[in-house]
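> here is a sequence together with a model predicted from it:
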Amino acid sequence: IIDIALNGSGSYLNGTVVNKGGVINAYFLNGAVWDNVSGNGDYGNISNVNDFNGKNAIIKQSANSGDIVIDKYSGSTKVHYTYSDSPTMLEGGSVVINKSTKGSNITLYTDYSDKIDGTNVQSVLNALANKVYYLGSQYLVNEAGYYYDKDNNWCDENGNVYAKDDTEGSTPLGNIFNEN
């Protein structure tokens, strides 16, 4: 078992986290930064973390960044993506979360640019949304910020699942979050 614990904005990890069958737990607190850049070594550029706990954490994804696969995610983390010629052409790999704890959040963002305006802001937001995958659920986020499944059942930000014709305030069908 390897525990990585970084605390404060002056704390950072520069590189990929290679997990070859062990357990790696990561705790990034109070502005600690993970710059997920590939070292182009023998182990590839995919980072694997068993348990990631972020409290005001920052992850940087750039041209040399691969995917990050997190088995269990908790906390609050901002993921910064750089882009090449167009703000819709984000660089770096995806963030893949297998399951998360209730109340957790993740924010994806890119640099402000005069290339982002009223004509392409939705495309930039869609490009960011396509960089995160939550495998613990069959729900996908739409433009309004709600999660929908293939049957048009929907899920609110608290993980409550509603039938496709229900409105907020209805009795939920269940909850997607695994609290274990």
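Now that the structure is in, tell me what you want to look at.
> quick check: the nearest residue to Pro172 once chain neighbours are set aside vs Leu173, distance?
Among residues not flanking Pro172 along the chain, Asn160 sits closest, at 3.8 Å (CB to CB, 6 or more residues apart in numbering). The C-beta positions use only the backbone N, C-alpha and C, and glycine is treated the same way. Distance from Asn160 to Leu173, counting by CB to CB, to the nearest Å: 8 Å.
> again with Ser47
For Ser47 relative to Leu173 (CB to CB), the value is 35 Å.
> and what of Ser100?
19 Å.
> pick out whichever of those two has more residues nearby.
Ser100 (22 against 12; other CB atoms under 10 Å).
> ok, that one touching Gly75?
No. Using CB atoms under 8 Å, Ser100 makes no contact with Gly75, being 9.1 Å away.
> how about the nearest residue to Met89, chain neighbours excluded?
Counting by CB to CB, 6+ apart, the residue nearest Met89 is Tyr83, at 5.4 Å.
> quick one: buried residues of stretch 84-104?
Buried residues in stretch 84-104, counted by 16 or more other CB atoms under 10 Å: Pro87, Thr88, Leu90, Gly92, Gly93, Ser94, Val95, Val96, Ile97, Lys99, Ser100, Ser104.
> which residues touch the third one?
To tie it back to what came earlier, the one meant is Leu90. By CB atoms under 8 Å, 6 or more residues apart in numbering, the contact set of Leu90 is Gln61, Tyr81, Thr82, Tyr83, Thr110, Ala127, Leu128, Lys131.
> thank you, goodbye.
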